[in-house]
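Chemist: Pasting a predicted model and its sequence here:
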Amino acid sequence: MGGAVAASAAVFATVNKIAADSMADPPDEDTRPSKVTIVEFADDGKRLAAARRDKIIKSKEEWKKLLSADSYQVTRRAVTEMPGSGELLHEHREGIFRCVCCGNALFDSKAKFESGTGWPSFWEPIAKENVREKLDASLGMVRREVKCTLCDAHLGHVFSDGPRPTGERYCMNSVALRFLELTKS
């Protein structure tokens with residue numbers, strides 16, 4: 001079975017790399033200034049309030065300067081990191097997961113669970129306003145893509161095979177997230 005997993009991972013990595021390399025950067029979705037509503041959270045995880053914010057819009061060159069190569073590929077080009085490779089896959093400390101691009105609070109560690117898929121999984125976002133879903137019909141299947149509301153970063157996909165209470169599995173790429181451990185005061 002170990003050989004089959006390794007072979008599957010190799011095929012996945014190859015297809016993912018070929019797909020990413022063969023396509024140009026996707027066009028910017030919406031470069032018009034606009035306002036979005038998100039729920040802000042303090043670094044201690046405390047819910048603050050809903051706030052109207054300017055949508056964060058940067059050029060491809062600006063994003064490339066701000067992000068690691070892997071984070072850029074995932075968040076700005078919607079590439080998927082290899083299963084089992086992410087630093088946050090086995091992160092179990094108490095804290096919050098923020099967008100690597102803009103710092104928007106996305107997930108609380110209390111909603112994280114081990115899905116066995118190879119990616120960090122959550123049964124709900126920290127606030128529904130902070131993420132948005134988009135239909136994704138790439139790779140010959142229909143999925144629900146999850147994006148950061150504030151900066152449009154690609155985070156991963158959501159599936160309807162998660163645990164209670166929501167039945168949802170937000171399957172996220174580690175390189176799209178930044179973990180902030182809660183400190184006890």
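Modeler: That came through, no problem. Please read all numbers here as calculations on a predicted model, not as lab measurements.
Chemist: Check this structure and tell me which residue is nearest its centre.
Modeler: L155 (2.0 Å; CA atoms, centre = their mean).
Chemist: which residues in the chain form helices?
Modeler: 2-22, 60-66, 69-77 (DSSP state H).
Chemist: Any idea which of the ones you listed has the lowest pLDDT on average?
Modeler: Per-stretch mean pLDDT for these is lowest at helix 2-22 (a mean of 45).
Chemist: coming back round to it: and the gap between the residue nearest to the centre of the chain and C148?
Modeler: Here L155 is placed at a distance of 6 Å from C148 (CB to CB, to the nearest Å). No exception for glycine: its C-beta is placed from N, CA and C like everyone else's.
Chemist: Now do the shared contacts for these two.
Modeler: Counting by CB atoms under 8 Å, 6 or more residues apart in numbering, the common neighbours of L155 and C148 are 99, 106, 131.
Chemist: Save these as a markdown table, and put in pLDDT too.
Modeler: Shown next, in a markdown table, are those (pLDDT from 0 to 100):
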| residue | pLDDT |
| --- | --- |
| C99 | 98 |
| L106 | 98 |
| V131 | 98 |
